[in-house]
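[1] have a look at this fold, sequence not included:
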């Protein structure tokens with residue numbers, strides 16, 4: 001895989017955990033390896049000078065549609081970025097209230113101002129927020145890369161389906177963290 005790191009940005013999608021009783025984002029044994037891979041990807045992008053943008057749920061209690069389907073989760077002010085991730089000084093956080101990091105946010109404007117042509121995606125849920133963010137990336141003419149071992153499906157569907165959908169429907173390149181590190185070197 002070849003990447004021009006000068007026109008890439010990393011989208012870290014919902015790599016968050018609860019500050020209090022939000023159990024949707026609580027870590028467990030199954031998620032520890034995934035969390036480590038997300039942190040490893042962020043560190044690789046920092047080393048390569050690739051902009052890092054966190055697209056995090058910040059739902060409004062009593063308003064956001066998504067809460068009707070999944071229950072309360074990702075409430076504004078009640079989550080934080082994984083502790084394993086070293087957030088860089090120039091990293092950006094773009095809050096989202098729907099699945100896609102593009103919907104009603106300034107993500108597209110930010111990416112254009114950065115000169116981004118390719119987005120690299122990590123995070124969760126691969127079948128929901130990652131998938132819908134990459135759909136909008138495709139609709140906005142961005143190329144995309146999905147880091148398979150730094151994404152995770154846990155709410156519905158399968159990881160394999162989500163990765164195949166991104167690859168076939170949005171032209172996403174699928175790679176591992178190790179392959180991404182090689183491409184950014």
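    Cool, the structure landed. If you're wondering where the values come from, they're calculated on a predicted model, not measured in any experiment.

[2] C-alpha only now, for contacts and for neighbours.
    Noted.

[3] ranges for the helices of this structure?
    Here the chain has its helices, by DSSP state H, at 29-48, 66-70, 107-114, 131-139, 159-170, 177-184.

[4] so which of the ones you listed gets nearest residue 97?
    helix 66-70 (8.1 Å; Cα to Cα).

[5] buried ones in the closest one?
    Residues of helix 66-70 classed as buried by neighbour count (16 or more other Cα atoms under 10 Å): residue 67.

[6] so what touches that helix?
    59, 61, 73, 98 (Cα atoms under 8 Å, 6 or more residues apart in numbering).

[7] in those residues, find the pair that's most separated.
    61 and 98 (12.9 Å).

[8] who touches the closest residue to residue 37 other than its chain neighbours in this structure?
    Counting by Cα to Cα, 6 or more residues apart in numbering, the nearest residue to residue 37 once its immediate chain neighbours are dropped is residue 150, at 4.9 Å. By Cα under 8 Å, 6+ apart, the contact set of residue 150 is 34-35, 37-38, 41, 122-123, 176-177.

[9] re the thing from before, for residue 4, find the nearest of the helices of the chain.
    Nearest to residue 4, of the helices of the chain and by Cα to Cα, is helix 177-184 at 8.0 Å.

[10] which helices and strands does that closest one pack with?
    helix 29-48, strand 143-152 (3 or more Cα pairs under 8 Å, 6 or more residues apart in numbering; DSSP states H and E).

[11] flag every buried residue along the first one.
    Right, the one you point to is helix 29-48. 34-46.
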